[in-house]
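**Student:** Give me coordinates for this.
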Amino acid sequence: MIDLHQLAPRPDQAPSTPPYRRHIDHSAAWKASDFTSPREYTIELTPFQIDDIAGAVQKVRAAGVGLDDINRGHFPLPALAQVIEEIRH
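**Tutor:** Numbering: from 1, shown residues only. A predicted model of the protein is given here:
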């Protein structure tokens, strides 16, 4: 199990996971050629949405939940609900 504190040692720090280096060969995998510009895969978050994420990270840290045990229930993110729904479709 990966400890969240290993990826973000300070309480005010969001976790940073290392890039996945192995090639993903799957029909659902995105490729650079699928996009004509960064605007197609970039989402601008509002300060309120960023605060929502930071609050969820703080709650997970305080609960001592390991990175492998985090699930959707730990991140309700009401400020991001509409954005997440758009991404899913």
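**Student:** Val57: how many residues sit nearby?
**Tutor:** 20 (other C-beta atoms under 10 Å). Placement of C-beta: from N, CA and C, glycine included.
**Student:** Distance of it relative to Ile50?
**Tutor:** Distance from Val57 to Ile50, counting by C-beta to C-beta, to the nearest Å: 11 Å.
**Student:** do Arg39 as well
**Tutor:** The gap separating Arg39 from Ile50 is 19 Å, by C-beta to C-beta.
**Student:** List the buried residues in the top helix by length along the chain.
**Tutor:** Counting residues, the longest helix in the chain under DSSP state H turns out to be helix 47-63. By neighbour count on 16 or more other C-beta atoms under 10 Å, the buried set for helix 47-63 is 49, 52, 56-57, 60.
**Student:** With stretch 71-88 instead?
**Tutor:** Neighbour-count burial for stretch 71-88 [16+ other C-beta under 10 Å]: 75, 79-80.
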